[in-house]
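**Q** Show me how the following folds:
(one chain, ligands or ions: 1)
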Amino acid sequence: MTAATATPALETRGLTIRFGGHVAVNDVSCRFTPGTLTAIVGPNGAGKTTYFNLISGQLRASSGQVLVEGEDITSLAPSARAKRGLGRAFQLTNLFPDLTALENVRLAVQSRAEAGWSLLKIWNSRRDLIEKAEHILERVRLSDKRHIAPKALSHGDQRKLEVALLLAMEPKVFMFDEPTAGMSVDEVPTVLELIQDIKQRGDATVLLVEHKMDVVRSLADRIVVLHNGALVADGNPAEVIASPVVQEAYLGVEVAHG
Ligand SMILES: Nc1ncnc2c1ncn2[C@@H]1O[C@H](COP(=O)(O)OP(=O)(O)OP(=O)(O)O)[C@@H](O)[C@H]1O
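**A** Model prediction:
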């Protein structure tokens, strides 16, 4: 089976939400396949964050469906969707500010393990859980800060820790909504590296809402453009960026000067 015909990790069918008379997301059908990082772009108010909220369950759709690996999850709450493999960065998990970074990640690893294991098995494999947490902290380059509490970490390191918690959940679909927003210039590359790393390992399905076109260019395999809640362009980055509709209406200024 090719990627095009395989069951997508995530699919939306006719996804729509109305706020009063305003259609914020309008009949969006889209399939997201493993091993692909899709950037979702569009002007302010286009519906990108609302689309994410509909996928992760923070908002209920007026009509349409959300499917994970072919299973309709539209009626599920956000926590149940997370258990099915939807991992939304920077929103799903709250850091415990007084525990250490390592303890935070261990709890996330443990909660993931509890979903499928007996308590006895967890007790027997505590060492495994700690090792797994240590490994994840290494992956996000926070090993040297593992005994520090999140409240004492820099903003950039807190973001890395949040990515660590996401990795601990082992989601099928990673969702990042403006991951570099509010970061200092020197903190940005590390977070982008982490996303690149997630993309390059195995077959994660990654969705990224991002305004910065240089970030989109460096990470995306595919770009989807939303405008007034509707999907107006979808394809490989070079094609989408070059398409007249995107050049003129949505990305013109940034492409010209980017
Ligand atoms: N809870 C809500 N109630 C009413 N209108 C809403 C609600 N949430 C979003 N909207 C409207 O839906 C539209 C889409 O908003 P959304 O935040 O999804 O856009 P966006 O593409 O993420 O924009 P930005 O790039 O500025 O973050 C906007 O017109 C917004 O005002």
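**Q** Can you check what pLDDT the model gives the closest residue to residue 85 other than its chain neighbours?
**A** Excluding the flanking residues, the one nearest residue 85 by Cβ to Cβ, 6 or more residues apart in numbering is residue 172, at 3.4 Å. Quick note: C-beta positions are derived from backbone N, CA and C, even for glycine. pLDDT recorded at residue 172 is 94.
**Q** how far away is residue 172 from the ligand?
**A** Noted for residue 172: a distance of 23 Å to the ligand, by Cβ to the nearest ligand atom, to the nearest Å.
**Q** tell me the SS of residue 105?
**A** helix (DSSP: H, G, I helix; E, B strand; the rest coil).
**Q** Quick one: residues contacting the residue nearest to residue 85.
**A** By Cβ atoms under 8 Å, 6 or more residues apart in numbering, the contact set of residue 172 is 9-10, 34, 68-69, 84-87, 204-205.
**Q** can you redo those as CSV with neighbour count, distance to the ligand and secondary structure?
**A** CSV is the format used below for the contacts of residue 172 (neighbours: other Cβ atoms under 10 Å; distance: Cβ to the nearest ligand atom, whole Å; DSSP: H, G, I helix; E, B strand; the rest coil):
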residue, neighbour count, distance to the ligand, secondary structure
9, 25, 22, coil
10, 23, 18, strand
34, 18, 25, coil
68, 23, 21, strand
69, 16, 25, coil
84, 16, 23, coil
85, 19, 23, coil
86, 27, 18, strand
87, 26, 19, strand
204, 22, 23, coil
205, 25, 20, strand
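**Q** near the ligand, which residues of the chain?
**A** Counting by Cβ under 6 Å from any ligand atom, the positions of the chain adjacent to the ligand are 19, 24, 42, 44-50.
**Q** try 8 Å
**A** 19-20, 22, 24-25, 42-53, 59, 177-178, 209, 211, 226, 229 (Cβ under 8 Å from any ligand atom).
**Q** List buried residues within the residues you listed.
**A** Burial by neighbour count, 16 or more other Cβ atoms under 10 Å: within the residues of the chain next to the ligand this picks out 24-25, 42, 46-53, 59, 177-178, 209, 226, 229.
**Q** Do a quick rundown of the strands in the stretch 101-250 of the chain.
**A** Taking DSSP state E, counting those that start in this stretch, the strands of the stretch 101-250 of the chain run over residues 173-177, 205-209, 222-227, 230-235.
**Q** Quick check: neighbours of the first one in the sheet, parallel or antiparallel?
**A** So the one you mean is strand 173-177. Take DSSP bridges as the rule and strand 173-177 pairs in its sheet with strand 86-88 (parallel), strand 205-209 (parallel).
**Q** what does the last one give?
**A** Partners of strand 230-235 in the sheet, by DSSP bridges, are strand 222-227 (antiparallel).
**Q** low pLDDT regions in this protein?
**A** Judged by pLDDT under 70, the chain has its weakly predicted residues at 1-5, 91-94, 115-125, 249-258.
**Q** residue closest to the middle of this structure?
**A** By Cα atoms, centre = their mean, the chain has its centre lying nearest to residue 175, at 1.1 Å.
**Q** what's the closest non-adjacent residue to it?
**A** Nearest to residue 175 is residue 88, by Cβ to Cβ, 6+ apart, at 4.3 Å.
**Q** Nearest residue to residue 203 in space, please, no chain neighbours.
**A** Residue 203's closest residue in space is residue 34 (Cβ to Cβ, 6+ apart), at 3.7 Å.
**Q** Would you mind measuring from the one you found to residue 204?
**A** 7 Å (Cβ to Cβ, to the nearest Å).
**Q** quick one on the thing from earlier: got the phi and psi for the residue nearest to residue 85?
**A** Dihedral pair for residue 172: phi -80, psi -30, per degrees, to the nearest 10.
**Q** sorry, back to before: could you list which of the buried ones among the residues of the chain next to the ligand belong to helices?
**A** 48-53 (DSSP state H).
**Q** Which residue ranges of the stretch 51-200 of the chain form helices?
**A** 78-83, 101-114, 119-124, 126-139, 155-168, 188-200 (DSSP state H, counting those that start in this stretch).
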